[in-house]
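Visitor: build me a model from this:
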Amino acid sequence: MKPPIGSCSVDTSTGRIGIVMGHEGPYVQLRPYGGGREWDAHPETLRGATQAERLSAATAHANARSRGEVP
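Guide: Coordinates of the predicted model:
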C-alpha cells in the first residue's frame, strides 16, 4: 500500500526520511525533510516514520540551517 501524500516515511533501503510528494507508476516520490531533491522509492521499502524520527529530521534540518548549510 502506498503511503498518503504529505506523510513522513522512512525508505528502509537507504535509511532516509522523506515527505511523500506523489505516486508515479510503481514508485513513491519522496523529498527530504526541509526540502531538496526528490527520490523514487518502492512502496514495499517504505514505513511510516516514528515521532522520534520526524523530530530528529527536523532538528538536523534546523541545525544545518543555523550553520548556513541550508538556505
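Visitor: every contact and neighbour count from this point should use C-alpha atoms.
Guide: Will do.
Visitor: nearest residue to the middle of the protein?
Guide: Gly18 (0.3 Å; CA atoms, centre = their mean).
Visitor: what about it, which helix or strand?
Guide: strand 16-24 (DSSP states H and E).
Visitor: got the buried residues for that strand?
Guide: Within strand 16-24, the residues that qualify as buried are Ile17, Gly18, Ile19, Val20, Met21, Gly22, His23, counting by 16 or more other CA atoms under 10 Å.
Visitor: in the sheet, who's paired with the residue nearest to the centre of the chain?
Guide: Ser9, Pro32 (DSSP bridges).
Visitor: surely it meets Leu30?
Guide: Yes - Gly18 is within contact range of Leu30, at 5.2 Å (criterion: CA atoms under 8 Å).
Visitor: quick one: residues contacting Gly6.
Guide: Ile19, Val20, Met21 (CA atoms under 8 Å, 6 or more residues apart in numbering).
Visitor: look up how far Pro32 lies from Cys8.
Guide: 10 Å (CA to CA, to the nearest Å).
Visitor: neighbour count for these two, which is higher?
Guide: Cys8 (25 against 18; other CA atoms under 10 Å).
Visitor: hmm, who's touching stretch 52-63?
Guide: Residues contacting stretch 52-63 (CA under 8 Å, 6+ apart): Cys8, Ile17, Tyr33, Gly34, Val70.
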